[in-house]
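**Q** Predicted model and sequence below, questions to follow.
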Amino acid sequence: MQRRNFIKQICKASLVCAASASIATLQSCSDSNDSDSGANPTLPITEISIDLNDSIYTPLKTVGRSVVTGSLNFDSSGLLLFRESNEKLRAYSRRCPHAGTSINAFVNGAATCPNHGAKFNTDGSSVSGGPTNAPLNQYSVDINGSIATIYK
Ligand code: FES
């Protein structure tokens with residue numbers, strides 16, 4: 001009889017210890033989630049800065065020149081940039097409004113889509129007679145010295 005009581009007490013003590021450990025584990029998991037509840041790791045990128053002294057962008061120091069970029073976190077289609085005047089730089093998404101192909105840089109005042117041939121003027125409007133009448137998606141640009149900041 002004493003042996004049976006001893007085993008019962010050991011089993012009860014083991015259950016109490018296991019339950020306490022489980023609750024402590026669950027509590028610690030809950031605490032770690034609560035501390036992250038205010039974080040948002042997927043904030044959209046709404047502006048990007050480029051340095052016109054970087055070799056890829058130096059053509060933009062000259063009025064009338066154009067540069068395109070590859071895919072960026074700011075715009076997955078890349079940017080189509082055009083230096084309109086000493087004071088003004090235009091920035092467009094390279095995404096063609098017809099079917100989404102990346103548009104080439106401006107040459108002789110027009111940017112051409114290599115897919116179906118849509119053409120766009122330097123103000124972003126489409127050249128009539130092409131496969132789309134929609135304009136390019138334009139971004140705002142501020143220039144401060146050699147730094148151009150592009151905003152959505
Ligand atoms: S995708 Fe550009 S013209 Fe069709």
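**A** Great, that's in hand. Only a predicted model underlies this, so the values are computations on that prediction, with no experimental measurement involved.

**Q** Nearest residue to Glu47 in space, please, no chain neighbours.
**A** Leaving aside its sequence neighbours, Glu47 sits nearest to Tyr151 (C-beta to C-beta, 6 or more residues apart in numbering; 4.8 Å). Every residue, glycine included, has its C-beta placed from N, CA and C.

**Q** packing partners for the strand ranked longest in the chain?
**A** What stands out as the longest strand in the chain, according to DSSP state E, is strand 138-144. Packing contacts for strand 138-144, counted by 3 or more C-beta pairs under 8 Å, 6 or more residues apart in numbering; DSSP states H and E, involve strand 89-93, strand 147-151.

**Q** Contacts for it, please.
**A** Strand 138-144 is contacted by residues 79, 87-93, 124, 148-152 when judged by C-beta atoms under 8 Å, 6 or more residues apart in numbering.

**Q** quick revisit: show me the beta-bridge partners of the residue nearest to Glu47.
**A** Glu47, Ser140 (DSSP bridges).

**Q** Distance of it relative to Gly64?
**A** Taking C-beta to C-beta, to the nearest Å as the measure, Tyr151 falls 23 Å from Gly64.

**Q** pretty sure His116 is touching Ile103, no?
**A** No: checked against C-beta atoms under 8 Å, the pair His116 and Ile103 is beyond contact range at 11.2 Å.

**Q** between those two, which one's more packed in?
**A** Legend: neighbour count by other C-beta atoms under 10 Å for His116 and Ile103, higher for Ile103 (25 against 12).

**Q** in stretch 86-101, what's buried?
**A** Leu89, Arg90, Ala91, Tyr92, Ser93, Arg94, Arg95, Cys96, Pro97, His98 (16 or more other C-beta atoms under 10 Å).

**Q** ok, and of those residues, which contact the ligand?
**A** Cys96, His98 (C-beta under 6 Å from any ligand atom).

**Q** Turn the buried residues of stretch 86-101 into CSV, including pLDDT.
**A** Output for the buried residues of stretch 86-101, formatted as CSV (pLDDT from 0 to 100):
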residue, pLDDT
Leu89, 98
Arg90, 98
Ala91, 98
Tyr92, 98
Ser93, 98
Arg94, 98
Arg95, 98
Cys96, 98
Pro97, 98
His98, 98
